[in-house]
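Enquirer: output the structure for:
(2 chains)
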Amino acid sequence: MSIFVDENTKVIVQGLTGGQGKFHGLRNRDYGTKIVGGVTPGKGGTDVEGIPVFNSVKEAVAATGATASFVVVPPKFASAAILEAAEGGITFIVCITEGIPAHDEAETYNRLVEEFPGVRLLGPNCPGIISPGKCNIGITSGDIALPGGPVGIVSRSGTLTYQALHELSQQGIGQTTCVGIGGDPVPGTNFIDCLAAFEADPETKAVMMIGEIGGSEEERAAEWIKANMTKPVVSYIAGVTAPPGRKMGHAGAIISGSKGTAQAKMEALSAAGVHVCQNPTEAGQKMVEIVRSLGL
Amino acid sequence: MDLFEYQGKQYFERFGIAIPKGDVADTLEEALAVAERIGYPVVLKAQVKVGGRGKAGGVKLATNADEVREHAGTILGLDIKGHIVRRLWVEEASSIAKEYYASFTLDRPNKTHLGMLSAQGGVEIEVVAEENPDAIAFISIDPVRGLDLETARRWVAQAELDDVAREQAAELLVKLYECYVEGDCDLAEINPLILTPDNVVKALDAKVTLDENAAFRHPEWDAFRLTDTEDPREIMAREKGLNYIGLDGTVGIIANGAGLAMSTLDVVNQVGGSAANFLDIGGGANADVMAAALEVINADPKVKAIFVNIFGGITRVDEVAKGVLEALNRVTIASPIVLRLDGTNAVEGRAILADHLNESLITEPTMLDAARRAVSLANA
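Expert: Residues are numbered from 1 along each chain as shown, chains lettered A, B, ... in the order given. Predicted structure coming up:
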C-alpha cells in the first residue's frame, strides 16, 4: 500500500502551461500518474499535449473529479494557488515552489487548518511524493524509485530524498511511498504525519527518515517514535559540519545558538531507538541489513 | 539577512516605532557633524553584527566635541571579535529609568508567531529564560488574526511593565508586530526597550533579521544589502545570484539542493577533507548558473579541488553538464573538477561530458567515491 496517494489518485497541475509545470507535469503523466487537467487563469479551453487546461481549480475539479493538485507556480502566487486548490475541493496539495516568504507560509498554513481542516498540504519547497509504480506528483525522477516496498521514506531535503531512493533502489530494496516534506520553516506535512501513516500502512515494514539542521521537528519526531513506532527507523541528519548562525540554503536550515544542531537531533533519535547513520550511503546499507533481517 | 543596529532602527522608524534621534557616521568629521546637529550628550555606537560590543569598547558617551573626536577615533577601525568597525551610529544619549525586552519571531513547532515581552530587559533574553522564566510573558499570535491593541494591552499587563509605560508599550508592540509582518522579518527584537525618567517608551537597540524570500516585495532592502558582508567571495556569489557561504577548507563544493550541499560538506569531512564553501545552485539551475558557480569557486585561492555533486530533480543534469563546459570555455579553472551526476537527464548529461574527460575533469559513480577523489586531489 501507499500513503496519501495511490494508482487511482486524480491530479491537476496548477501552472501546467509554465516551463517547469509542463516539463514535470508531463513527466508525472508519463510515469503513469493520472494527470487529468491543468489550471492557468486565462488559458482555459486549451490543452498541453492532450491534458485539458481550465481557468480555475473549481472548473477543473468539476470536469475531472480530481482530488489532488500539483502546485508549480512562482513564490508570489503560491499562497493564492494553494488556497484556491483548497477552496476548489482539492484535498491533497503538493507545492514544490521554493522561496515563498515565511510569513505567507505561516498565514496559509493557518488558513488551511482553520477553514479547510480536511485538506493536507505537502511542502512548500519540497520534491513531492512518489509511490513507485503508482503515482508520482512532483519533481522526483521516477526512474530512481523501485516499486513494491517494503521501505517508506520521509525527508526534509529534496535532493537527499533522491539520494535516499537511489541508495535503496541500487540495492534492490523497493519503496512503498517516498515523501519529501520540504525544508521550509512551516511545512504543511511534518515528519510525525508521515511516520504515523507509515506505521499504519501494513506494507511498509521499515522507515528511512532524512533530517537536517534547524528547528526541532526531528526531536519531536524522536519523541513520537519512542512512544508509538513499532517499525524500525533508519535516519541520517545533514549538516554535521554546518557553521552556526548561517542559513544553509533552506529557509529552515539554520543553527541558532545551541539549538537545531545535527548532533542534538542525532542524539534524540538514537535515544528513541532509531538507527542513526553518518551519511546517506551508510543509511542505505543499514536499511539493507534491516530489510534482510526481516526476511524480506 | 541580519541588519546592523542603525538599519534596524531606520526600519523601525518606517513603522512609527520611537527611537532616539541619531544618524550614521563613517568618519570622525561625520560623527562630529551628527553630534553638533542633534546636541550633546551623544552616544557613539560601533555598527557590527556581533554581540558584546559594549564590553569591547564599542559604545561610548560623549558630552562635547573633544570627546566625540577621541571616541570616534578609537572606535572606528576597532576589531570586535573579528569584525572591523567601519560605521558608527551617533544618537542622543537617553536617560534610562527601566529596561524592558520585546521581540517577535516565528514559532516553528506551533506554526504561529511568538511574542516575548519582559520587564527585565537589557540582558540576554536567553539568560532570563534560563534563570527566571516567569519574567517573560509569551504570546502566541495566529498569523491570520494578527495582534490588536486590546491583546497588546493585556500582554503588557501580564508582563508587569510599569503602569506609566503600559499604554505606550502596547501601542509600540502593535507597531513592532506590523514591522515584523509587513516588513517580512524573521526576527524583530528590541533589547532594551526603555522607559525614560520622563515616561517615554522607546527602542534603544534594534535587532532585525529579514526573510530573503520576501525580497521581491521589498526593493528598499537593496540599500541594506550593500553593507551586508565583507567576504569578497560572498559578494561575488551574491552578484551572480548564488546561495554561497564561505568556509575555510580546500575542497570547493557545488551541489543542487541545500540538503545535498550540507551532506556533501559532511561527507567530504568524513573522508578527511575540508570544504571551502557551501554552494547550493538551487532547483532548476541552468547552464549559466552552473558556469557562474564554477567561476565563483575558481576565484577562491584556497580551493585545490572542486566537487560537483548533482542529483537532478527539477535540475536537469544535461544543463549542468553544459554549464561545466561553458565555464571551461569562459575561464581557466585552476583546480581539477570531480563530478558525480545522477537523476533527471543524467544519461544525457554524462554523454555531453564524455568526450571532455581528462585528469582535471573527472566523473565518479557515487557521492562517496567522488568525495574521496576530490579530497585526495585537494590533499595531493
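Enquirer: give me the secondary structure label for the closest residue to chain A within chain B.
Expert: Proximity of chain B to chain A (C-beta to the nearest C-beta) peaks at B:G259, 2.1 Å away. Just so you know, the C-beta spots here come from the backbone N, C-alpha and C atoms, and that holds for glycine as well. Following DSSP: H, G, I helix; E, B strand; the rest coil, B:G259 is assigned to helix.
Enquirer: so, low pLDDT: which residues of the stretch 151-300 of chain B?
Expert: Low-confidence segments of the stretch 151-300 of chain B (pLDDT under 70): B:226-230.
Enquirer: who's in contact with the residue of chain B closest to chain A?
Expert: A:155-161, A:183, A:210, A:212, A:238, A:249-250, A:253 (C-beta atoms under 8 Å, 6 or more residues apart in numbering or on different chains).
Enquirer: now swap in A:G172 and tell me
Expert: Neighbours of A:G172 in contact, by C-beta under 8 Å, 6+ apart: A:L146.
Enquirer: which pLDDT value belongs to it?
Expert: As predicted, A:G172 sits at a pLDDT of 95.
Enquirer: secondary structure for the contacts of B:G259 - can I get that in JSON lines?
Expert: Formatted as JSON lines, those follow (three-state DSSP):
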{"residue": "A:S155", "secondary structure": "strand"}
{"residue": "A:R156", "secondary structure": "coil"}
{"residue": "A:S157", "secondary structure": "coil"}
{"residue": "A:G158", "secondary structure": "helix"}
{"residue": "A:T159", "secondary structure": "helix"}
{"residue": "A:L160", "secondary structure": "helix"}
{"residue": "A:T161", "secondary structure": "helix"}
{"residue": "A:G183", "secondary structure": "coil"}
{"residue": "A:I210", "secondary structure": "strand"}
{"residue": "A:E212", "secondary structure": "strand"}
{"residue": "A:A238", "secondary structure": "strand"}
{"residue": "A:G249", "secondary structure": "coil"}
{"residue": "A:H250", "secondary structure": "coil"}
{"residue": "A:A253", "secondary structure": "coil"}
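Enquirer: can I get these in TSV with neighbour count, distance to chain B and pLDDT?
Expert: Below are the contacts of B:G259 laid out as TSV (neighbours: other C-beta atoms under 10 Å in any protein chain shown; distance: C-beta to the nearest C-beta, whole Å; pLDDT from 0 to 100):
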residue	neighbour count	distance to chain B	pLDDT
A:S155	31	7	96
A:R156	32	7	93
A:S157	32	2	86
A:G158	32	5	84
A:T159	32	3	88
A:L160	29	4	92
A:T161	34	8	92
A:G183	31	6	88
A:I210	26	7	97
A:E212	29	5	94
A:A238	34	4	95
A:G249	28	3	70
A:H250	29	4	70
A:A253	27	6	75
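Enquirer: got CSV for these, with distance to B:S140 too?
Expert: Formatted as CSV, these follow (distance: C-beta to C-beta, whole Å):
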residue, distance to B:S140
A:S155, 29
A:R156, 24
A:S157, 28
A:G158, 30
A:T159, 34
A:L160, 32
A:T161, 32
A:G183, 24
A:I210, 30
A:E212, 26
A:A238, 30
A:G249, 29
A:H250, 24
A:A253, 24
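Enquirer: mind checking the SS state of B:F278?
Expert: Per three-state DSSP, the secondary structure class of B:F278 is strand.
Enquirer: dump the residue contacts of it.
Expert: Contact partners of B:F278, counting by C-beta under 8 Å, 6+ apart, are A:242, A:246, A:248-249, B:243-245, B:247, B:253, B:261-262, B:265.
Enquirer: count of neighbours near the closest residue to it other than its chain neighbours?
Expert: In space, and not counting its chain neighbours, B:F278 is closest to B:I245: 4.2 Å by C-beta to C-beta, 6 or more residues apart in numbering or on different chains. For B:I245, the count of nearby residues is 23 (other C-beta atoms under 10 Å in any protein chain shown).
Enquirer: now swap in A:N110 and tell me
Expert: Look at A:N110: counted by other C-beta under 10 Å, it has 18 neighbours.
Enquirer: wait, A:I137 sits on A:V71?
Expert: No. Using C-beta atoms under 8 Å, A:I137 is not in contact with A:V71, being 9.9 Å away.
Enquirer: mutual contacts of the two, please.
Expert: By C-beta under 8 Å, 6+ apart, A:I137 and A:V71 have these common neighbours: A:V94.
Enquirer: all helices for the stretch 101-250 of chain B, in order.
Expert: Taking DSSP state H, counting those that start in this stretch as the test, the helices found in the stretch 101-250 of chain B are B:125-131, B:149-158, B:163-182, B:222-225, B:232-239.
Enquirer: please pull out the lowest mean pLDDT helix or strand from chain A.
Expert: Scoring the helices and strands of chain A by mean pLDDT, DSSP states H and E places helix A:158-170 at the bottom, with a mean of 92.
Enquirer: after that helix comes which helix or strand?
Expert: strand A:174-180 (DSSP states H and E).
Enquirer: that next one vs chain B: in contact?
Expert: No. Using C-beta under 8 Å from any C-beta of the partner chain, strand A:174-180 stays clear of chain B, coming no nearer than 9.0 Å.
Enquirer: how about the residues of the stretch 1-150 of chain B near chain A?
Expert: Neighbours of chain A within the stretch 1-150 of chain B, by C-beta under 8 Å from any C-beta: B:106, B:108-109, B:111-113, B:126, B:142-144.
Enquirer: out of these, what pair is the most spread apart?
Expert: B:E126 and B:V144 (29.7 Å; C-beta to C-beta).
Enquirer: out of these two, which sits in the busier spot?
Expert: Neighbour totals were compared for B:E126 and B:V144, and B:V144 leads with 15 against 10 (other C-beta under 10 Å).
Enquirer: give the contact list for that one.
Expert: Residues near B:V144 by C-beta under 8 Å, 6+ apart: A:107, A:110-111, A:114.
Enquirer: these also near chain B: which ones?
Expert: Applying C-beta under 8 Å from any C-beta, the subset of the contacts of B:V144 adjacent to chain B comprises A:107, A:110-111, A:114.
Enquirer: and those residues, which of them are in helices?
Expert: Counting by DSSP state H, the ones next to chain B among the contacts of B:V144 place A:107, A:110-111, A:114 in helices.
Enquirer: which of those residues has the largest number of neighbours?
Expert: Taking other C-beta under 10 Å to define a neighbour, the member of those with the most is A:E107, carrying 21 neighbours.
Enquirer: that residue - nearest residue in space that isn't next to it in sequence?
Expert: Leaving aside its sequence neighbours, A:E107 sits nearest to B:P143 (C-beta to C-beta, 6+ apart; 4.3 Å).
Enquirer: can you list the domain ranges for chain A.
Expert: Residue ranges for the domains of chain A, per automatic domain parsing: A:10-122, A:141-293.
Enquirer: between the two ends of stretch B:249-262, how far is it?
Expert: Using C-alpha to C-alpha, to the nearest Å, the end-to-end distance of stretch B:249-262 comes out at 14 Å.
Enquirer: next: stretch B:271-278.
Expert: From its first residue to its last, stretch B:271-278 covers 17 Å (C-alpha to C-alpha).
Enquirer: which of the residues in that stretch are buried?
Expert: Neighbour-count burial for stretch B:271-278, counted by 16 or more other C-beta atoms under 10 Å in any protein chain shown, picks out B:271, B:273-278.
Enquirer: partner residues bridging the residue nearest the centre of chain A?
Expert: By C-alpha atoms, centre = their mean, chain A has its centre lying nearest to A:G180, at 2.5 Å. On the basis of DSSP bridges, A:G180 is bridged to A:G128, A:S155.
Enquirer: which residues are in contact with it?
Expert: By C-beta under 8 Å, 6+ apart, the contact list for A:G180 reads A:122-123, A:126-129, A:138, A:140, A:155-158, A:161.
Enquirer: who in the stretch 1-150 of chain A is up against chain B?
Expert: Residues of the stretch 1-150 of chain A lying close to chain B (C-beta under 8 Å from any C-beta) are A:20, A:24, A:75-76, A:96, A:98-104, A:106-107, A:109-111, A:114, A:127, A:139-141, A:144.
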